[in-house]
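J.: my questions are about this predicted structure, shown below with the sequence.
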Amino acid sequence: LEKEEEEDHHKSLLRVERAKFEQRGDDYKARPQSWQKRQVAKTATLQAVGWDEGLNGRITGGMKGLTIVVLKNMFTVAQSQDDEFLEKMEKELRKNCHEFGTVEKITVFASNPKGIVIVRFKESAAATNAVQKFNGASQENGGKIEAHFWDGVTDYTVVDHEEKEKLEEQRHEEFGDWLEESQADLPEELRLRVES
C-alpha cells in the first residue's frame, strides 16, 4: 500500500501482513482459573504474612481470613464404602486438627471418588497451619494429601442422577395420590374434573 501525505508531499510505504500467534519464550505460566480462586490466593497470601491477627478471624487490613480447608485424597473409593473407617478417620482428623485451633465442622464427602474432606476452623491461623501441615503429607494407602483453602464456589457433592430421578418420580406419585385423596373432602364444585 502506498500512502501520500499532503503536507510533506512525499510518499511513505505501509506494510500489512497476517498476524502470527506464537508463544513467546519457553516458560508458560498458567493464570488462576477464576476470579474466586484469585481472591482466595490473594487472601491466603495476606493471611500468611498477617502479623496482627486479632479477634473474630480478622487479618491485617480488617479482612476476614480463610477458615475452610479442603483435604483431597483422604480415602480411596473402597474405603468410602466402609462406614467404620470413615468414622474412625473423621475422629482422628478432628484430633489432629484440634492442635491448630477450634474445629467448627468436618464434612466427609464419602461419595466423592477424590476422597474429599472439608474442615472448617474458627480461626484463620488454624486453617493456615492445617494447610501447611497436611499439604503433601503421606497417607497409609501410599497417596499424598492435597490441602488448600476452599474457593467458596466448588461443590464437592456427587449426585447419582438415576437415583435422583427415581426419588423425583416417587415424590410425584405420592403427590398425585395425596391430591386424589384430598378430592373426596372437597365440595363437588371444587373437585378436579378431568375431561376426556
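T.: Good, I have the coordinates.
J.: which residues touch A130?
T.: Contacts for A130 (CB atoms under 8 Å, 6 or more residues apart in numbering) come out as 69, 97, 100, 119, 121, 147. (Glycine included, C-beta is placed from N, CA and C.)
J.: just after the helix or strand hosting the second one, pick out the following helix or strand.
T.: Taking DSSP states H and E as the criterion, the element that holds C97 is helix 83-98. The C-terminal neighbour of helix 83-98 among helices and strands, as given by DSSP H and E, is strand 103-109.
J.: buried ones in that following strand?
T.: By neighbour count on 16 or more other CB atoms under 10 Å, the buried set for strand 103-109 is 103, 106, 108-109.
J.: name the residue closest to the centre of this structure, please.
T.: Centroid-nearest residue in the chain: T154, 2.1 Å away (criterion: CA atoms, centre = their mean).
J.: quick revisit: quick check, nearest of the contacts of A130 to E173?
T.: Taking CB to CB as the measure, E173 lies nearest V119 of the contacts of A130, at 40.1 Å.
J.: can I get the helix or strand where the closest one lies in PDB, CA atoms only?
T.: Secondary structure assignment for V119, by DSSP H and E: strand 116-121. Extracted as PDB, the C-alpha positions of strand 116-121 are listed here (Å, rounded to 0.1, in the frame of the first residue of the first chain):
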ATOM      1  CA  ILE A 116     -12.700 -35.100  49.800                       C
ATOM      2  CA  VAL A 117     -13.000 -33.900  53.400                       C
ATOM      3  CA  ILE A 118     -13.700 -30.300  54.300                       C
ATOM      4  CA  VAL A 119     -12.600 -28.900  57.700                       C
ATOM      5  CA  ARG A 120     -13.900 -25.500  58.900                       C
ATOM      6  CA  PHE A 121     -11.900 -23.800  61.700                       C
END
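J.: next, the buried residues of the helix holding C97.
T.: Buried residues in helix 83-98, counted by 16+ other CB under 10 Å: 86, 89-90, 93, 97.
J.: which helix or strand contains the residue nearest to the centre of the chain?
T.: With DSSP H and E as criterion, T154 is part of no helix or strand.
J.: all set now, cheers.
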